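Novice: sequence unknown, structure follows:
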């Protein structure tokens, strides 16, 4: 079966100079894949020519005259740039021409346009962003929501857990991925009211064998790899993600500065260069590029804006894997199976107001 | 004026073998300081003898027969171990025998016992934990709350901002420290309902010149050093702190492993050892040890449990500085000045439930 992916070629810091080499390289590895390259047609064709792929039989070019920039307000992305490469790429999914879409554009705009064009899946209240963090077990920790929903109720977090579980099953070939609920401690009595109520919902699913709920996890468990999935609201997820990025940058900058301080340390860096590179690769693994926008009536993957071609190719691969494994169908089934039983949403007394 | 500090000598991973050398060294540097060493008297006296300080004129030993362990449930620390070194050290502050107290014991127990013994300050609804993170400007970023309050309303966050501002003024000698409100974006429209309402309270204080409110900050701003203080609820603060500790450990472990991989990289580590140590020192600066429990009717400082003597001495120094600069009096004044005007606490529609 052919898997078709649409690509917003203009998105990200580097645009076609990254997205198109990644696309061409990806096609070499996956003979059953077809790509729809969306953006300024002449720019795309010129880049394809550079890559000796201007007549590739599994590439279609779809012209889109506009482009969503990193600074565009949501309203502009949503209402004014109706022919943006981002929007047209998503429309390929809506129209059934592609099974998944990849963009390295502005996350907020991508989520807003995806919600507008594709709509939310039946049974899901709010779509979420699921990203991947590296962990000390040398594997990925999937974490959601990373910022789409800043005010969450227990049934929202419950839905995030279901969607994350389906995604990890499909992408990592894990039959029953473990789910951790991000909290300030591991004991049941810990946490705010929303988290405590969510824990009960997940525990009930665990007891009937529907989800593999590990229990509460703490911030450091993300990097220990205690569970395959970490569930949190978008406020906590976004702040944590950015704090972690901030520390990593601090660490990297300090390492560079200190090793350049004198001849001896420079020699140390030269000899230990392989070690320094290995550390960097473990922290920013290219194979972890590609966050999923889950809960929509279509598959959308977000590449890091600064991704290089190698890393962008991993985001395409993730979209391809999700489509090939019918992540959308499985989420839909599992939501239908698990959510109706929870129409009795618990009251949460004395929450954040 | 003499400044008296009580020390829970038994708390922390190392107990008297760390707390007492730190205490003795601190007294050498501060001729106007006196210390009350609390714990098992014979153990303390034996350690003092080792440090040639068994007859130090500015040391008093206060016997306490029990000890709060890291695993003790709150109820045990609160109700059963009434003669714990932690509790007796705090009671020295309550009884006016000491102006501040330092402990490296269990944070939850320290907060609970402190609240019980000292009570909350008039005008403050909830005490908070204020810790220090290193930043790329080579200075400290003060952050609160780090876990005492998992469900916060806007006026709680407002009080945290006031208390943090007074603390930083006193400790860092900054007249008008900048305050950032932790959020998912810097624009005013960003955030959950609690944060948006808090922003309005802080903006009003800023406009009348009472606080120096910078506006919203994101997770990475903690490490950039964008503001002197970062305010958040205890859920977000605790998760962020632990996530950051987790990443730092991941980074450190990976660095060690990679540099040990072969002879060349080992040589690199040997030559670049100074650089590696400098990186570690910038990430875990000993001078940043000592979190403040703010909003109580007494000063309590929490040392890291694993602190060595050098680092523990910094926690004592912080308690001493806070007492010397009358942080308690200043917080009380500023709360009295700013809080009554905000009796009109805004309604927060559609928050986390």
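Specialist: Noted; the coordinates are in hand. This is a predicted model, so every value here is computed, not measured.
Novice: got the contact list for residue A:43?
Specialist: Contact analysis of residue A:43 by Cβ atoms under 8 Å, 6 or more residues apart in numbering or on different chains lists A:9, A:10, A:15, A:16. All C-beta atoms are positioned from the backbone trio N, CA, C, and that covers glycine.
Novice: rerun at 10 Å
Specialist: For residue A:43, the contacting residues are A:9, A:10, A:15, A:16, A:17, A:20, by Cβ atoms under 10 Å, 6 or more residues apart in numbering or on different chains.
Novice: got the residues you listed as JSON lines, with distance to chain B columns?
Specialist: Shown next, in JSON lines, are the contacts of residue A:43 (distance: Cβ to the nearest Cβ, whole Å):
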{"residue": "A:9", "distance to chain B": "27"}
{"residue": "A:10", "distance to chain B": "23"}
{"residue": "A:15", "distance to chain B": "24"}
{"residue": "A:16", "distance to chain B": "28"}
{"residue": "A:17", "distance to chain B": "27"}
{"residue": "A:20", "distance to chain B": "30"}
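Novice: between the residues you listed, which is closest to residue A:152?
Specialist: Taking Cβ to Cβ as the measure, residue A:152 sits nearest to residue A:10 out of the contacts of residue A:43, at 32.6 Å.
Novice: quick one: that closest one and residue A:41 touch, right?
Specialist: No - using Cβ atoms under 10 Å, residue A:10 is not in contact with residue A:41; the gap is 11.2 Å.
Novice: Compare neighbour counts for those two and give me the winner.
Specialist: residue A:10 (27 against 14; other Cβ atoms under 10 Å in any protein chain shown).
Novice: ok, back up a step: quick check: neighbours shared by residue A:10 and residue A:41?
Specialist: By Cβ under 10 Å, 6+ apart, the residues touching both residue A:10 and residue A:41 are residue A:64.
Novice: So is stretch A:102-110 next to chain B?
Specialist: Yes - using Cβ under 10 Å from any Cβ of the partner chain, stretch A:102-110 reaches chain B at residue A:108.
Novice: thinking again about what came up before, which ones among the contacts of residue A:43 are found in helices?
Specialist: Among those, the residues falling in helices (DSSP state H) are A:16, A:17, A:20.
Novice: buried subset of the residues you listed?
Specialist: Among these, those scoring as buried are A:16, A:20 (criterion: 16 or more other Cβ atoms under 10 Å in any protein chain shown).
Novice: just the ones in helices among the contacts of residue A:43 now: which is nearest residue A:29?
Specialist: The closest of these, once distances to residue A:29 are taken by Cβ to Cβ, is residue A:20, at 15.5 Å.
Novice: Report pLDDT for the nearest residue to the closest one once chain neighbours are set aside.
Specialist: Leaving aside its sequence neighbours, residue A:20 sits nearest to residue A:47 (Cβ to Cβ, 6 or more residues apart in numbering or on different chains; 4.2 Å). Confidence at residue A:47, expressed as pLDDT, is 97.
Novice: What about residue A:47, how many residues nearby?
Specialist: 23.
Novice: can you pull the contacts of it?
Specialist: A:9, A:15-21, A:23-24, A:37, A:39, A:53-54.
Novice: Take those and write them to JSON lines, including distance to residue B:188 and pLDDT.
Specialist: What follows is those, written out as JSON lines (distance: Cβ to Cβ, whole Å; pLDDT from 0 to 100):
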{"residue": "A:9", "distance to residue B:188": "34", "pLDDT": "98"}
{"residue": "A:15", "distance to residue B:188": "31", "pLDDT": "95"}
{"residue": "A:16", "distance to residue B:188": "35", "pLDDT": "97"}
{"residue": "A:17", "distance to residue B:188": "36", "pLDDT": "97"}
{"residue": "A:18", "distance to residue B:188": "33", "pLDDT": "97"}
{"residue": "A:19", "distance to residue B:188": "34", "pLDDT": "97"}
{"residue": "A:20", "distance to residue B:188": "38", "pLDDT": "97"}
{"residue": "A:21", "distance to residue B:188": "40", "pLDDT": "97"}
{"residue": "A:23", "distance to residue B:188": "39", "pLDDT": "97"}
{"residue": "A:24", "distance to residue B:188": "43", "pLDDT": "97"}
{"residue": "A:37", "distance to residue B:188": "38", "pLDDT": "98"}
{"residue": "A:39", "distance to residue B:188": "33", "pLDDT": "97"}
{"residue": "A:53", "distance to residue B:188": "46", "pLDDT": "94"}
{"residue": "A:54", "distance to residue B:188": "48", "pLDDT": "90"}
